[in-house]
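> could you work out the structure for the sequence below:
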Amino acid sequence: MKKVWQIGFILLVLLGLFATTANCNLLPEATGIPGVVWGADAGIVTQSGQVTAPSSVQTRPAVEQTQALPQSDSLADREKAIADTITRAPQAAEEYVAAIRSGKLYGNDASFTVACVALDITNPALVGRGINGIWRSNPGIFKTSLTDSGQITALYRQALTDQYLDRLVVTEPARFKGKDVAAIKRELASLREMIQKTKDAAVAAGKYYKNNRTEPSFEFNWVVENCAEVWAVRDAILQGAQLENMVMRTVSIKNGKIKPLCRNCVRTFSGMIKAMD
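Okay, the predicted model is just below:
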C-alpha cells in the first residue's frame, strides 16, 4: 500500500511539471499581454516539436522604442511657424511690389497688375514670387520674344511640366545643387492636379474663358494658369518648398493692397495657408 501511494505521488509531481512547461510555451495571443514575445531569445517550440531559431523580434513595445516628440509639441511648433510666416508675409509682398514698381526686377513694363508671394514656414529665406499674365511675355516666369498669345500661353504651360524642369536642371545646375529634384517633381504634380481640379469644376459648371470650350475657367477674361498665385507657388516649389508649408499673399502692384483671390484661385488654392488680412 505504501508503494502504491509513492507511485501516485510521483505521477502527480510529473503532471505538475508538464502543466508548467506547457504554460511557458504559450503564444503571445494566449498570454493576453500585447508586445511580448515569449521565448524570443531562447527559441519557441513549434507544433511539430521543433525549436525555432532565436527570434529577432523586439520584446519592448514599439511605442517605447520611438522617441518622437509628443504630437502637441509638434503641432504647437508648426502653428508658431505659420503665425511667424503670416507676420512677415506683408513685408515680403511690399518689397516685391517695390522692386517691380522701380523697374529693378522687370523693367518699366507697367502692364502687370497683380503680384503674389509664397513663403515657406520652414525656411524664412525662401520666398516664391509671381506676377499675372501668360498671354504675353511674363518676366516673372521667363522672358520670351514670341508675340502670338496662343503660342506664349502654350509655352508658359510647359513651364509647369517635369520635362521643362529636367531641362532647367541641365541648363542651370547651380540652381538645383543640393535640391531633391524628385521631391520638386512631386510638388509640381500636386500643383498641376490642383489646377486640373479647378478646370474640371469649371466644366461641370459650364464656365469657359471667352466661351472657348477648350479653356475651362470660372473667369471669363483669363485662364486658370494666368494668375500670379500659380507662378509664385511654382517658384517656391522650384526652390524646394512644399505646398503644405506655404503661406500665400496676393496684392495689387498699383497700391500694394490685398488683392482678393479670383474665382479660379479660390478653388485652386483652397487648401493653402493664406496671409490675406
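
> count of neighbours near G128?
23 (other Cβ atoms under 10 Å). Just so you know, the C-beta spots here come from the backbone N, C-alpha and C atoms, and that holds for glycine as well.

> per-residue pLDDT of G16, please?
Reported pLDDT at G16 in the predicted model: 48.

> F176 touches D166, doesn't it?
No: if you go by Cβ atoms under 8 Å, F176 and D166 don't touch, sitting 10.4 Å apart.

> which of the two has more residues huddled nearby?
When F176 and D166 are compared for neighbours, F176 comes out ahead with 17 against 12, by other Cβ under 10 Å.

> give the contact list for that one.
Applying Cβ atoms under 8 Å, 6 or more residues apart in numbering to F176 gives the contacts 168-169, 184.

> how does it look with 7 Å?
V169 (Cβ atoms under 7 Å, 6 or more residues apart in numbering).

> quick check: phi and psi on it?
For F176, the backbone dihedrals (degrees, to the nearest 10) come out as phi -110, psi 10.

> list the buried residues of the strand or helix carrying A89.
Per DSSP states H and E: A89 is located in helix 71-101. Residues of helix 71-101 classed as buried: 81, 85-86, 88-90, 92-93, 96-97, 100-101 (neighbour count, 16 or more other Cβ atoms under 10 Å).

> can you redo the residues you listed as TSV with distance to K143 and pLDDT?
Listed next are the buried residues of helix 71-101 as TSV, based on distance: Cβ to Cβ, whole Å; pLDDT from 0 to 100:
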residue	distance to K143	pLDDT
A81	35	97
T85	30	98
I86	32	98
R88	29	98
A89	27	98
P90	28	98
A92	23	98
A93	23	98
Y96	18	98
V97	20	97
I100	15	97
R101	19	95
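
> just flag the most distant two among those residues.
A81 and R101 (30.2 Å; Cβ to Cβ).

> which stretches of this structure aren't confidently modelled?
Residue ranges of the chain with pLDDT under 70: 1-72.

> quick check: longest strand in it by residues?
strand 123-131 (DSSP state E).

> now do stretch 192-207: everything it contacts.
160, 208, 216-218, 224-225, 230, 264, 267-268.

> ranking those residues by neighbours, who comes first?
So for those (other Cβ under 10 Å), the most neighbours sit at N264, 27 neighbours.

> measure that residue to L168 for me?
Using Cβ to Cβ, to the nearest Å, we find N264 at a distance of 26 Å from L168.

> kindly report the same for A92.
24 Å.

> before we move on, back to that, okay, buried residues for the next helix or strand after the longest strand of the chain please.
The helix or strand immediately downstream of strand 123-131 is helix 149-158, counting by DSSP H and E. Buried positions in helix 149-158, judged by neighbour count with 16+ other Cβ under 10 Å: 152-153, 155-156.

> a markdown table for those residues, including distance to I121?
What follows is the buried residues of helix 149-158, written out as a markdown table (distance: Cβ to Cβ, whole Å):
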| residue | distance to I121 |
| --- | --- |
| I152 | 33 |
| T153 | 32 |
| L155 | 32 |
| Y156 | 28 |
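
> distance between the longest strand of the chain and the chain's centre?
17 Å (Cα atoms, centre = their mean, to the nearest Å).

> from the contact counts, what lies against that strand?
Under the contact criterion of 3 or more Cβ pairs under 7 Å, 6 or more residues apart in numbering; DSSP states H and E, strand 123-131 touches strand 114-120, helix 228-238.

> buried sites along it?
Buried-residue list, strand 123-131, by 16+ other Cβ under 10 Å: 126-131.

> so R234 makes contact with L191?
Yes: taking contacts as Cβ atoms under 7 Å, R234 lies within contact range of L191: 6.5 Å.

> for T198, pull up the helix or strand it's in.
Using DSSP H and E, T198 falls within helix 181-205.

> appreciated, that's everything.
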